[in-house]
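Chemist: Sharing a sequence plus its predicted fold:
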Amino acid sequence: MKKIIIVNYVLLAWFLVLTGCQSKRNYWPKESEMETQEINIVRFDNALLNVHPVSVAQDIRVLYDEYPDFMPAFVEDILGIPAEDTTYLEQALPQFLNDTNYGFRQTNAREQEVFADISTLQKSINRAFTRIHYLYPEMEIPALYLYVSGFNAPVYFGEDLIGVGTDMYLGSDYEYYNRVVYEYQKQTMRPECIPVDVVSAYLFRNLPYTSTKSRLLDQMLYRGKIMYLTAQIFDDIPEYEVMGYTKEQWKWCVQNERAIWHLVMDKRDLFKAESLVLTSYLNDGPFTSEVSQDSPGRLGIWLGWRIAESYMEHNADVTLQELIAEPDAQKILEESFYKP
């Protein structure tokens with residue numbers, strides 16, 4: 001009799017393990033069954049940093065010749081100089097590359113060290129866009145340009161290309177960040193954050209907001225759906241990293257999820273469209289002011305993600321594409337059975 005009871009307990013334990021594993025859906029076939037995407041990563045950063053003050057006019061002409069798609073956009077949108085004003089550019093670019101007061105020279109040298117080897121970045125970006133192509137084969141796969149921005153622009157979009165300001169990803173402890181960003185922003189200023197930032201920005205750009213409503217519910221579910229999709233693409237990365245939180249911030253959200261949800265519902269914030277409410281819940285910041293100063297920022301997006309996740313776990317026949325395409329936030333909320 002004791003042996004039977006022991007066996008039953010073992011079977012129950014295995015059942016719980018298996019059902020627990022099945023609560024997270026897998027959307028991907030074997031990698032060999034997907035068409036691999038090799039993203040062209042262009043080292044514009046290296047070319048730019050090789051500009052020499054003695055030969056600056058000639059070097060600028062070379063950059064325009066070799067990077068006809070990106071160089072004018074970089075000059076115009078990142079440096080804020082008219083692309084055709086090469087005379088002024090010849091004066092400004094050496095300062096941009098070598099100024100020590102603002103830390104540009106030190107930062108550019110650090111960038112070359114941190115990004116001397118981009119093989120890990122290449123592998124992660126290729127895998128992500130292979131999965132995006134599997135879901136949305138009609139989407140154009142962009143080239144990825146690396147550049148230094150003078151602490152100006154972490155991600156840039158041009159026609160058929162994405163740019164990454166690598167000087168914004170030198171490590172959370174990089175000393176010059178103390179001069180240009182707030183403490184809470186440093187968490188995502190690490191090299192390993194680039195793939196998620198690139199992919200999430202690409203998805204937001206190519207999968208735009210389609211709801212006719214502007215309530216918090218609609219806004220946070222749109223963003224939450226994109227973050228859920230991003231997390232599925234990067235299923236080898238912890239969820240808190242995808243969200244841009246620390247492990248402690250994610251743990252705080254999970255531990256307080258029920259209280260957060262009840263607070264939002266009691267205040268009826270879900271159905272508000274006032275800009276101050278939307279900004280509090282959706283914009284980056286040291287905390288979400290509508291909830292608690294102990295909370296991380298962007299808590300509305302985190303809630304939207306959790307609702308989208310619950311919806312997909314309760315609707316096994318819904319695909320990722322159908323989730324993203326569904327504009328009815330109220331329907332998703334109701335059919336998610338979200339009850340933390």
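Modeler: Yes, it's here. Residues are numbered from 1 along each chain as shown.
Chemist: got the contact list for the one residue sitting closest to the centre of the chain?
Modeler: Nearest to the mean C-alpha position of the chain, counting by CA atoms, centre = their mean, stands D197 at 2.8 Å. D197 sits next to P154, V155, V164, T188 when contact means CB atoms under 8 Å, 6 or more residues apart in numbering. (C-beta placed from N, C-alpha, C; glycine too.)
Chemist: What about H52, how many residues nearby?
Modeler: 10 (other CB atoms under 10 Å).
Chemist: Tell me, how many residues neighbour the closest residue in space to H133 that isn't next to it in sequence?
Modeler: Spatial nearest neighbour of H133, chain neighbours left out: Q37 (5.1 Å); criterion: CB to CB, 6 or more residues apart in numbering. Residues within reach of Q37, counting by other CB under 10 Å, total 16.
Chemist: Nearest residue to M227 in space, please, no chain neighbours.
Modeler: Per CB to CB, 6+ apart, closest to M227 is W305, 4.5 Å.
Chemist: Which SSE is immediately downstream of the helix or strand where L263 lies?
Modeler: Assigned by DSSP states H and E, L263 belongs to helix 257-266. Using DSSP H and E, the next helix or strand after helix 257-266 towards the C-terminus is helix 275-282.
Chemist: can you count the residues close to E322?
Modeler: Neighbour count of E322, defined by other CB under 10 Å: 11.
Chemist: again with A128
Modeler: For A128, the count of nearby residues is 22 (other CB under 10 Å).
Chemist: same thing with the one 4 residues further on?
Modeler: Counted by other CB under 10 Å, the residues lying close to I132 total 19.
Chemist: which residues does it contact?
Modeler: Contacts for I132 (CB under 8 Å, 6+ apart) come out as Q37, M139, I141, V199, Y202, L203, I233.
Chemist: T130 now?
Modeler: By CB under 8 Å, 6+ apart, the neighbours of T130 are E31, M34, E35, T36, Q37.
Chemist: Quickly find the element holding it.
Modeler: In this assignment (DSSP H and E), T130 forms part of helix 119-135.
Chemist: Much appreciated, bye for now.
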